[in-house]
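# Kindly generate the corresponding structure for this input.
(one chain, ligands or ions: 1)
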Amino acid sequence: MTPLLSVQGITKRYGAHIGCADVSFDLYPGEVMGIVGESGSGKSTLLNCMAGHLAPDAGQVVFDTRPPSSSAVVGHENYGPRDTITMSEPERRMLGRTDWAFVHQHARDGLRMGVSAGGNVGERLMAVGERHYGDIRDKATDWLGRVEIDAARVDDRPTTFSGGMQQRLQIARNLVTGPRLVFMDEPTGGLDVSVQARLLDLLRGLVRDMGLSAIIVTHDLAVVRLLADRLMVMKSGHVVEAGLTDQVLDDPQHAYSQLLVSSVLQV
Ligand SMILES: Nc1ncnc2c1ncn2[C@@H]1O[C@H](COP(=O)(O)OP(=O)(O)OP(=O)(O)O)[C@@H](O)[C@H]1O
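Coordinates of the predicted model:
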């Protein structure tokens with residue numbers, strides 16, 4: 001099977017300082033990869049390099065592209081595995097609106113706070129060529145329901161929403177176009193514990209129902225335990241251990257992973 005995403009030798013330095021070094025892995029369709037490590041271990045640097053937000057110094061991020069489903073989507077004729085780092089900026093941007101999604105830790109980074117909830121979701125549909133107002137509004141309302149936001153709030157701005165609702169709205173905005181790969185940066189970070197649990201449950205259901213592939217960066221091992229099939233443990237920019245989530249968490253081999261797991265157990 002062709003990997004959906006094949007990451008090869010991604011390296012990013014900040015001056016003499018290493019952000020992440022020589023990271024490689026394959027992600028297959030429907031698979032969820034968790035990336036864990038303490039603060040400063042390079043998780044966000046790696047995620048941002050993979051998602052095209054940051055230019056790596058070396059490496060490839062090869063995505064198995066498919067023909068556009070909307071006639072409004074124009075551009076590349078070469079489908080199949082493509083290095084997204086060397087593809088043109090318009091192509092990468094289109095990927096970011098269609099097959100890729102990015103869920104930020106802070107919902108306000110992924111939402112337009114001055115636009116209604118329905119508008120936030122509908123905007124992404126318009127970006128891929130949908131023009132029929134009634135259809136867009138219906139789909140937006142349907143997605144609000146799928147993320148457990150009352151349809152009566154469709155015209156309200158996200159500024160009037162709680163943190164958990166804002167995060168669920170950001171997820172709806174991201175998933176409405178049916179992406180195949182979702183990058184998530186600490187998706188439950190900064191939320192109350194009970195809100196986190198509900199969001200995790202929702203995410204798990206959506207990932208399963210939509211057959212999504214995802215890469216989730218977190219320092220919370222409970223998040224990867226619930227969502228990730230596989231796990232990479234990072235330390236000082238390097239991957240020190242990788243494997244099936246349960247295997248790594250229940251029987252960590254590297255001393256740093258052991259420390260990471262045990263310090264969580266002590267909490
Ligand atoms: N813009 C930058 N300029 C210089 N150094 C940076 C920059 N961004 C990150 N770094 C450094 O790169 C290393 C990796 O940082 P990164 O933010 O990727 O780690 P992280 O694991 O995501 O941490 P956190 O969980 O705190 O976000 C750290 O040593 C950090 O200080």
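
# Ramachandran coordinates for S88?
Here is the backbone geometry of S88 (degrees, to the nearest 10): phi -70, psi 160.

# tell me what the helix or strand where S263 lies is packed against?
Using DSSP states H and E, S263 falls within helix 255-266. When contacts are defined as 3 or more CB pairs under 8 Å, 6 or more residues apart in numbering; DSSP states H and E, helix 255-266 sits against helix 221-227, strand 230-235, strand 238-244. In short, each C-beta sits where N, CA and C put it, glycine included.

# burial of M1, as a residue count?
7 (other CB atoms under 10 Å).

# In contact with the nearest residue to D99 once chain neighbours are set aside: list those residues for me.
Of all residues not flanking D99 in the chain, R180 sits nearest, at 4.8 Å (CB to CB, 6 or more residues apart in numbering). Residues in contact with R180 (CB atoms under 8 Å, 6 or more residues apart in numbering) are 4, 29, 66, 99-100, 212-213.

# repeat for R157
R157 sits next to 113-117 when contact means CB under 8 Å, 6+ apart.

# what about the helices in the stretch 1-150 of the chain?
In the stretch 1-150 of the chain, the segments counted as helices under DSSP state H, counting those that start in this stretch are 43-50, 89-97, 107-110, 117-127, 133-146.

# who in the stretch 101-250 of the chain is up against the ligand?
H219 (CB under 6 Å from any ligand atom).

# Quick check: which ranges of the protein have low pLDDT?
68-78, 264-267 (pLDDT under 70).

# returning to what we had before: now, the most widely separated pair of the contacts of R157?
The span of the contacts of R157, defined through CB to CB, is set by G114 and A117 at 11.9 Å.

# between these two, who's got more neighbours?
Counted by other CB under 10 Å, G114 and A117 do not tie: A117 has more neighbours, with 30 against 10.

# doesn't D156 make contact with the more buried one?
Yes: using CB atoms under 8 Å, A117 makes contact with D156 at a distance of 5.8 Å.

# where does M165 land in three-state SS?
helix (DSSP: H, G, I helix; E, B strand; the rest coil).
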